[in-house]
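Q: Would you be able to build a 3D model of this:
(one chain, ligands or ions: 1)
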Amino acid sequence: MSTYAAPLKDMRFVLNELAGLAEVAKLPGYEDASSDTVDAILEEASKFASEVLDPLNYSGDQEGSIWSDGEVRTPKGFREAYRQFCEGGWNALPFEAQWGGQGLPRLVSTPVQEMWKSSNMSFSLCPLLTQGAIEALLLRGSEPLKKAYLPKMVEGKWTGTMNLTEPQAGSDLSLVRTKAERSGDHYLISGQKIFITYGEHDLAENIVHLVLARTPDAPEGVKGISLFVVPKLMPNADGTPGKRNPARCVSIEHKLGIHASPTAVMVYDKAVGYVVGEENRGLEYMFIMMNAARFAVGLEGVAIAERAFQRALAFAKERLQGRDLVEGRTVPIIRHPDVRRMLMLMKSQTEAMRALAYTTAAAVDFSNRHPDGEIRKRNHVYVDLMIPVVKGWSTETGIDVASLGVQVHGGMGFVEETGAAQYLRDARITTIYEGTTGIQAMDLVGRKIARDGGAAAREWISFLKKLDSDLSQSGNADIKSLRPQLAQGAQAVSDCVDFVVGTKDPRAGFAGAVPFLKLMGIVAGGWQMARAALIAEKRLSSKDGDKSFYEAKIATARFYGDHVLVQAPGLRDTVVKGGAGVMALSDEQFLAA
Ligand SMILES: Cc1cc2nc3c(=O)[nH]c(=O)nc-3n(C[C@H](O)[C@H](O)[C@H](O)COP(=O)(O)OP(=O)(O)OC[C@H]3O[C@@H](n4cnc5c(N)ncnc54)[C@H](O)[C@@H]3O)c2cc1C
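A: Numbering: from 1, shown residues only. Have a look, this model is predicted:
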């Protein structure tokens, strides 16, 4: 089995050349994020990912987490890896120094997180959920709550969970029924939550559950949901974990993938909880945090695609089968044009997704810290527009890429020994949790495009048009060929924005929402690949840096244009035809089928 090696060259290229690390490092509080420091962080993270996390990925999948009498045992090696992870300060990387963190920009924590997700997605979910819970507390927790929980959680000694889902409340959280009854300075929480990632495990000394619940007098629907902190063990006055709170894991799920990550059914039976922020505003707080969580899951799509590509490439170089079309001798399958096509599809889409994710991460940093309020606002609007695209497109494409990885392996991809199948199984959840692709697409079409009359989307289209004039200056034939493809893509997005804004029938707008999201992703990826190709051309002409890398970047961008970006007009047609027939059959016709 091939070992994971972080794609450091591409990560550095995207960070420095596309996402503007130097500009991010000028933002107040981010001065430490110099190129050298970031390089050192990436090197160290890459070692940890390759040497500690990657070797546990396959065995973790085979063994899985195991539930017994309310306790969950994670697979062999996970406890030790988590201890090293925390001791290395990795858990604290994205958080403020005030709470024991390293205060690095989102742009820097993004490639590091990509490495955790590529090398061991199941493991990475524990710190990811802890991060979500920390952000909720930072956002609206009272000072005593912050003091009691944040230092331990930032250090990683205590982990966090997000308890939203209930059997009857999945995509629609207005149906949450868990109860919270006031009792002095706290609340008593009762109800059942399902699908809770790392709801119970043996990695840390305590687990801090963030739970959505309703108080008895709360209004119906989304306006009556509050957010509570419910620790597994009640903290003692000295900060050590004390008495057991009745918040119990009654079972864990048997799943298609991410076997090492325990997915818990939690029962709260008058468990002590503390409200976060104000009553009835829980879902609002969740929505504020949602961008971060959705971005993180989008990054899982990038990460799994990268890992699947690396494994497929290693296999294709070794597997001897078939004869070279010109020389006639038996060759490794990487010599066959169709295998190359699959590998190029994997590589080009992964690079496009990475570029979109990292540039979005930089926009998050600008939206939070830029001294100019107008720039903060514009970046904020851009991030809001792109989050459902990063989440929906990268995860859907991540599955496609992982599936291609299986195909490159032939029959060996369908059996478990090579590990290719695991990536496909693990990737499959990414389009479901943190809001399914359908929910992301409805968010894109409804909240991000129709609501502002298409203004944010048109601003983005203007960036594409600006790039067109840069492309027109290129002297490289491969780069020039991207120009009409990108122009066509921009036109396709523009037509769809007009359709969505103009349609009076919400069903027609939503029927084409997922194809529209895919179109946005494909064009945004093409935009970044074209930018990358132009920079590569510049570096090649100044004979500056890694010639082979830059030549490959241009060739990869060209391939992306010819194989992926060309899909834009077809997707446009589907969208502007109101989803092209998705509502054509009556319910009776479906029943008769
Ligand atoms: C492994 C795993 C880990 C998870 N971890 C967590 C966690 O840590 N915390 C947590 O709270 N939850 C977690 N979840 C739950 C996850 O977020 C939900 O499964 C997800 O939100 C979808 O909800 P659902 O499963 O009820 O599907 P449903 O909401 O029933 O959706 C079923 C289908 O209908 C579609 N659909 C639903 N509503 C609409 C609509 N209005 N318009 C169009 N289409 C619609 C969906 O897109 C989907 O295709 C996890 C789930 C899994 C499987």
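Q: M344: how many residues sit nearby?
A: 17 (other Cβ atoms under 10 Å). Any C-beta I mention is one placed from the backbone N, CA and C, and that applies to glycine too.
Q: One more: A441?
A: When neighbours are counted by other Cβ under 10 Å, A441 comes out with 24.
Q: residues contacting it?
A: By Cβ atoms under 8 Å, 6 or more residues apart in numbering, A441 lies in contact with 388, 392, 510, 513-514, 516-517.
Q: And those residues, which is closest to the ligand?
A: Nearest to the ligand out of the contacts of A441 is F510 (Cβ to the nearest ligand atom; 7.1 Å).
Q: Please report the distance of whichever residue of the chain sits closest to the ligand from M529.
A: Nearest residue of the chain to the ligand (Cβ to the nearest ligand atom) works out as G170 at 1.6 Å. The spacing between G170 and M529, counted by Cβ to Cβ, to the nearest Å, is 35 Å.
Q: what about those two, which has more around it?
A: More crowded of G170 and M529, by other Cβ under 10 Å: M529, with 29 against 17.
Q: Touching, the more buried one and R354? I think so.
A: No: using Cβ atoms under 8 Å, M529 makes no contact with R354, being 10.5 Å away.
Q: Am I right that V390 falls within a helix?
A: Yes: counting by DSSP: H, G, I helix; E, B strand; the rest coil, V390 is located in a helix.
Q: Please name the residues that touch it.
A: V390 touches 294-295, 298-299, 356-357, 360, counting by Cβ under 8 Å, 6+ apart.
Q: Next one, pLDDT for it please.
A: Predicted confidence (pLDDT) for V390: 98.
Q: Give the closest residue to it in space, chain neighbours not counted.
A: Nearest-residue entry for V390: G298, 3.8 Å, with adjacent residues in sequence omitted and distances by Cβ to Cβ, 6 or more residues apart in numbering.
Q: Surely that neighbour touches S394?
A: Yes: assessed by Cβ under 8 Å, G298 is found in contact with S394 at 4.3 Å.
Q: Quick check: neighbours shared by these two?
A: Counting by Cβ under 8 Å, 6+ apart, the residues touching both G298 and S394 are A357.
Q: In the helix or strand hosting G525, which of the residues would be classed as buried?
A: Here G525 sits within helix 513-541, counting by DSSP states H and E. Under the neighbour-count criterion of 16 or more other Cβ atoms under 10 Å, helix 513-541 has 513-537, 539-540 buried.
Q: repeat for stretch 254-274
A: 255, 257-268, 271-274.
Q: For the ligand, tell me which of these show up nearby.
A: Residues of those in contact with the ligand (Cβ under 6 Å from any ligand atom): 255, 263.
Q: Assign S474 to helix, strand or coil.
A: Assignment for S474 (three-state DSSP): coil.
Q: SS state for I387?
A: helix.
Q: show me what contacts it?
A: Contact analysis of I387 by Cβ under 8 Å, 6+ apart lists 290-291, 294-295, 298, 360.
Q: Looking at those, which are in helices?
A: Of the positions in the contacts of I387, 290-291, 294-295, 298, 360 sit in helices, assigned by DSSP state H.
Q: just the strands in the stretch 101-250 of the chain please.
A: Ranges of strands within the stretch 101-250 of the chain are 158-163, 179-183, 186-197, 206-213, 226-231, 233-235, 241-244, 247-252, based on DSSP state E, counting those that start in this stretch.
Q: before we move on, what about the stretch 301-450 of the chain?
A: Counting by DSSP E, counting those that start in this stretch, the strands of the stretch 301-450 of the chain are 320-323, 330-332.
Q: residues in contact with the longest one?
A: Residues outside strand 320-323 that contact it (Cβ under 8 Å, 6+ apart): 329-333, 336, 410.
Q: Quick one: which of those is the most crowded by neighbours?
A: Sorting these by how many neighbours each has (other Cβ under 10 Å) puts I333 first, at 21 neighbours.
Q: Tell me who's in contact with that one.
A: With contact set as Cβ under 8 Å, 6+ apart, I333 has these partners: 316, 319-322, 339, 408.
Q: just curious, which of the residues you listed is nearest to R12?
A: Distances from R12 to these, taken as Cβ to Cβ, are shortest for A316 (25.4 Å).
Q: any idea how far Q321 is from the closest residue to the closest one other than its chain neighbours?
A: Using Cβ to Cβ, 6+ apart and skipping the chain neighbours, the partner closest in space to A316 is I334 (4.0 Å). Using Cβ to Cβ, one gets 11 Å for the distance from I334 to Q321.
Q: Please apply the same query to E551.
A: From E551 to Q321 the distance is 28 Å (Cβ to Cβ).
Q: same deal with T3?
A: Distance from T3 to Q321, by Cβ to Cβ: 24 Å.
Q: Adding mean pLDDT and distance to the ligand, write the strands of the stretch 301-450 of the chain out as TSV.
A: TSV is the format used below for those (pLDDT from 0 to 100; distance: least, Cβ to the nearest ligand atom, whole Å):
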stretch	mean pLDDT	distance to the ligand
strand 320-323	96	36
strand 330-332	96	37
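Q: Tell me which of those lies nearest to G141.
A: strand 330-332 (55.8 Å).
Q: so what does the next helix or strand after the helix holding G525 touch, helix or strand wise?
A: Where DSSP H and E defines the elements, the next helix or strand beyond helix 513-541 is helix 547-563. When contacts are defined as 3 or more Cβ pairs under 8 Å, 6 or more residues apart in numbering; DSSP states H and E, helix 547-563 packs onto helix 8-13, helix 337-369, helix 477-502, helix 513-541.
Q: Swap in 6 Å and give it another go.
A: helix 337-369, helix 477-502, helix 513-541 (3 or more Cβ pairs under 6 Å, 6 or more residues apart in numbering; DSSP states H and E).
Q: wait, which of those is closest to D470?
A: Here helix 513-541 is closest among the helices and strands packed on helix 547-563 (Cβ to Cβ), at 5.8 Å.
Q: Say whether the ligand is contacted by that closest one.
A: No: applying Cβ under 6 Å from any ligand atom, one finds helix 513-541 separated from the ligand by no less than 8.6 Å.
Q: just checking, what packs against that helix?
A: Partner elements for helix 513-541 (3+ Cβ pairs under 6 Å, 6+ apart): helix 337-369, helix 373-408, helix 437-442, helix 455-472, helix 477-502, helix 547-563, helix 568-576.
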